[in-house]
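Enquirer: Give me the fold of what follows.
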Amino acid sequence: MGVEETLRLLGATLLLLPGVLGGNWAVWYKPGYICAVRGSSVVLPCSYDYPDTYISYLGTYRYEVQTVMWCHNNRDCLGTSYVYHSGWGSISPEYRHRAEYLGDKQKICTLKINDIRTSDSGKYRFRFETSHPRDKVTGRNGVTLSVSELKIIMVPSRMNGAVREGDSVTLTCSTESCSPTQTELSWFKNGRPISHTQTPANTLRFNPVSYQDYGNYSCAVKYNINSSISQFTLDVKYAPKNTSVSISPSGEIVEGSSVTLTCSSNANPPVQNYTWFKTNGAAVWEKGSGQSFTITEISPGDSGQYYCEAQNKHGAHNSTAVTVDVQCLSSVAQGLPPLAWVGLGAAALTVTVLGVTVICVKRRKAKPGPEEEPQVAEENVYNNVLDPLPRQEQKHTMVDLDNELSYSTIHFQPKNPPSEPVDMSLVNDDATIYSEVMR
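Expert: Presented below is the predicted three-dimensional model:
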């Protein structure tokens with residue numbers, strides 16, 4: 001065996017001995033098992049070691065790490081796809097832009113994976129390759145990553161998350177296989193972030209719980225809403241609250257109209273019974289049941305104060321009383337404004353004029369009798385019937401049959417001729433005809 005071959009074998013032997021020429025060939029994972037919450041970021045701590053130099057037949061040379069890589073579920077970390085590769089190796093699409101190498105090419109090989117997915121569960125191994133073509137090492141022990149889902153646990157436990165107002169309740173965001181204490185968490189109610197500075201990040205405490213705490217809760221890894229679990233419903237049971245009465249139609253209530261009172265209340269479970277009451281001083285009368293109470297053809301006797309009682313199995317609550325004030329029709333008429341009275345007067349006058357006009361038209365259509373002269377249209381009729389009395393006792397009678405004046409002369413034929421002639425001097429207007437009739 002030549003000198004050169006002897007030196008080569010000696011160098012190889014020295015490399016296999018621990019502590020010789022600067023270090024061991026090794027990869028360490030601490031810890032070897034890590035649990036992470038889906039959606040969070042996880043760090044896989046890693047370190048490695050190798051000798052500082054190696055001896056060849058040409059001399060002593062320093063080792064230099066040229067390539068580092070991480071692989072998933074690959075025993076020798078040799079393949080076509082990697083979690084991370086510092087050289088020209090292909091990166092798996094599942095880890096592209098998510099895997100981050102925090103180590104170097106000296107002794108640190110820590111890896112960080114962001115936005116952990118359920119599919120990331122498994123064993124991860126680190127491999128490094130040196131400047132010597134045969135000196136390539138894979139840490140086969142690897143580190144095992146377990147991915148867990150968040151869930152909410154309520155204490156004390158209740159079926160379907162139902163609690164009663166006034167109880168003390170704690171919600172804890174946890175996992176089945178690992179603790180998220182080192183993970184920053186956010187809480188949401190009905191999809192909106194809520195603060196929880198009064199408690200540790202993974203708990204919400206309600207002491208006591210209020211009906212306003214009712215809602216859907218979820219927890220998620222901070223800055224990653226996609227990691228939230230399905231919503232947990234905190235079902236707070238409580239007696240009716242905020243009970244009120246509304247009146248329809250609104251405004252003044254007139255005698256003879258129909259009025260409906262409606263009761264509204266907030267309760268869980270919903271209101272089971274509604275009862276209506278009427279009060280007048282200290283007296284109280286039960287008037288009916290149901291969410292709505294209708295009074296048809298309302299009268300002044302229905303005036304008073306009304307309220308409703310809402311009830312479920314957890315209790316009852318009364319509304320504030322509302323006043324029902326029924327206005328009589330006569331009172332409504334007295335309250336009309338002046339313009340309304342003018343309108344009513346005009347309407348009444350119009351009806352009167354139309355009625356008189358119809359009467360006149362009917363009279364004009366009637367035929368004159370055999371002893372009557374035709375009526376003179378469009379003139380008023382004035383008739384003076386003179387009895388055979390002294391002229392100073394004669395009476396003149398005027399009959400107004402229409403707004404338009406018509407005049408006619410009526411002659412009565414006595415059995416004996418009149419003792420005095422008719423005095424026509426009474427006719428003093430061309431538009432007016434006076435007739436004297438003597439018996």
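Enquirer: if we look at stretch 108-117, which residues are touching it?
Expert: 27, 36-48, 68, 70, 83-84, 94-95, 98-103, 120, 124, 126, 128, 145, 147, 224, 226 (CB atoms under 8 Å, 6 or more residues apart in numbering). In this view, the C-beta of every residue, glycine as well, is placed from N, C-alpha and C.
Enquirer: Would you indicate which residues of it are buried?
Expert: Buried positions in stretch 108-117, judged by neighbour count with 16 or more other CB atoms under 10 Å: Cys109, Thr110, Leu111, Ile113, Asp115, Ile116, Arg117.
Enquirer: what's the span of that stretch from first residue to last?
Expert: Using CA to CA, to the nearest Å, one end of stretch 108-117 lies 25 Å from the other.
Enquirer: for stretch 103-121, same thing?
Expert: 22 Å.
Enquirer: now do stretch 66-77
Expert: Stretch 66-77: ends 16 Å apart by CA to CA.
Enquirer: Kindly reformat the buried residues of stretch 108-117 as CSV containing pLDDT.
Expert: Compiled in CSV, these are given as follows (pLDDT from 0 to 100):
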residue, pLDDT
Cys109, 96
Thr110, 97
Leu111, 97
Ile113, 96
Asp115, 90
Ile116, 91
Arg117, 92
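Enquirer: Looking at these, which is nearest Pro193?
Expert: Using CB to CB, Asp115 comes nearest to Pro193 of the buried residues of stretch 108-117, at 19.1 Å.
Enquirer: For the closest one, what is the enclosing helix or strand?
Expert: Here Asp115 sits in a region with no helix or strand, counting by DSSP states H and E.
Enquirer: Filter the buried residues of stretch 108-117 down to just the ones in strands.
Expert: Among the buried residues of stretch 108-117, the residues falling in strands (DSSP state E) are Leu111, Ile113.
Enquirer: What are the phi and psi values at Pro300?
Expert: phi -60, psi -30 (degrees, to the nearest 10).
Enquirer: What is the burial count for it?
Expert: 12 (other CB atoms under 10 Å).
Enquirer: for the nearest residue to it once chain neighbours are set aside, which residues make a bridge with it?
Expert: Excluding the flanking residues, the one nearest Pro300 by CB to CB, 6 or more residues apart in numbering is Val326, at 4.8 Å. Counting by DSSP bridges, Val326 forms beta bridges with Ile253.
Enquirer: thinking Val326 is in contact with Ile295, fair?
Expert: No: using CB atoms under 8 Å, Val326 makes no contact with Ile295, being 9.1 Å away.
Enquirer: tell me, what's touching the two both at once?
Expert: Contacts common to Val326 and Ile295, judged by CB under 8 Å, 6+ apart, are Asp302.
Enquirer: all strands of the stretch 151-300 of the chain, in order?
Expert: 151-155, 162-164, 169-174, 185-189, 192-194, 203-206, 215-221, 232-248, 253-254, 259-268, 273-280, 283-289, 292-295 (DSSP state E, counting those that start in this stretch).
Enquirer: Reformat those as JSON lines; add distance to Gly59.
Expert: As requested, the strands of the stretch 151-300 of the chain are exported to JSON lines (distance: least, CB to CB, whole Å):
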{"stretch": "strand 151-155", "distance to Gly59": "62"}
{"stretch": "strand 162-164", "distance to Gly59": "79"}
{"stretch": "strand 169-174", "distance to Gly59": "60"}
{"stretch": "strand 185-189", "distance to Gly59": "58"}
{"stretch": "strand 192-194", "distance to Gly59": "65"}
{"stretch": "strand 203-206", "distance to Gly59": "64"}
{"stretch": "strand 215-221", "distance to Gly59": "54"}
{"stretch": "strand 232-248", "distance to Gly59": "69"}
{"stretch": "strand 253-254", "distance to Gly59": "113"}
{"stretch": "strand 259-268", "distance to Gly59": "85"}
{"stretch": "strand 273-280", "distance to Gly59": "100"}
{"stretch": "strand 283-289", "distance to Gly59": "106"}
{"stretch": "strand 292-295", "distance to Gly59": "103"}
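Enquirer: Out of those strands, the one nearest Leu58 is which?
Expert: Using CB to CB, these put strand 215-221 closest to Leu58, at 54.8 Å.
Enquirer: Contacts only, for Met69.
Expert: Met69 neighbours (CB under 8 Å, 6+ apart): Cys77, Tyr82, Val83, Tyr84, His85, Ser86, Gly87, Gly89, Phe126, Arg127, Phe128.
Enquirer: Ok, Thr130 next?
Expert: Tyr50, Tyr63, Glu64, Val65, Gln66, Lys136.
Enquirer: right, and the pair among the residues you listed with maximum separation?
Expert: Longest span within these, CB to CB: Glu64 and Lys136, 12.9 Å.
Enquirer: With neighbour numbers in mind, choose between the two.
Expert: Lys136 (16 against 10).
Enquirer: neighbours of Asp49, just the number please.
Expert: Neighbourhood size, Asp49 [other CB under 10 Å]: 14.
Enquirer: who does Gly122 bridge with?
Expert: Per DSSP bridges, the residues bridged to Gly122 are Leu145.
Enquirer: That one: how many residues sit nearby?
Expert: 14.
Enquirer: so where's the stretch 201-350 of the chain shaky on pLDDT?
Expert: Counting by pLDDT under 70, the low-confidence segments of the stretch 201-350 of the chain come to 201, 223-230, 330-350.
Enquirer: and if we set it to 90?
Expert: 201-205, 218-232, 250-251, 280-283, 301, 328-350 (pLDDT under 90).
Enquirer: quick one: Lys313 and Gln272 touch, right?
Expert: Yes: at 7.1 Å, Lys313 and Gln272 qualify as touching, with contact defined as CB under 8 Å.
Enquirer: between the two, who's got more neighbours?
Expert: Higher neighbour count among Lys313 and Gln272: Gln272, with 12 against 9, using other CB under 10 Å.
Enquirer: which residue sits closest to the more buried one in space, ignoring its chain neighbours?
Expert: Here the residue nearest Gln272, using CB to CB, 6+ apart, is Asn312, at 5.0 Å.
Enquirer: number of nearby residues for the one you found?
Expert: 19.
Enquirer: now the one 5 residues further on
Expert: His317 is flanked by 18 other residues according to other CB under 10 Å.
Enquirer: The closest residue to Val65 other than its chain neighbours and Met69, how far apart?
Expert: Nearest residue to Val65, sequence neighbours excluded (CB to CB, 6+ apart): Lys105, at 4.0 Å. Separation of Lys105 from Met69 (CB to CB, to the nearest Å): 12 Å.
Enquirer: give the contact list for the residue nearest to Gly301 when sequence neighbours are not counted.
Expert: Distances taken as CB to CB, 6+ apart place Val326 nearest to Gly301, at 8.0 Å, with adjacent residues excluded. Neighbour list for Val326: Ile253, Val254, Glu255, Ile298, Ser299, Pro300, Gly301, Asp302, Ser303 [criterion: CB under 8 Å, 6+ apart].
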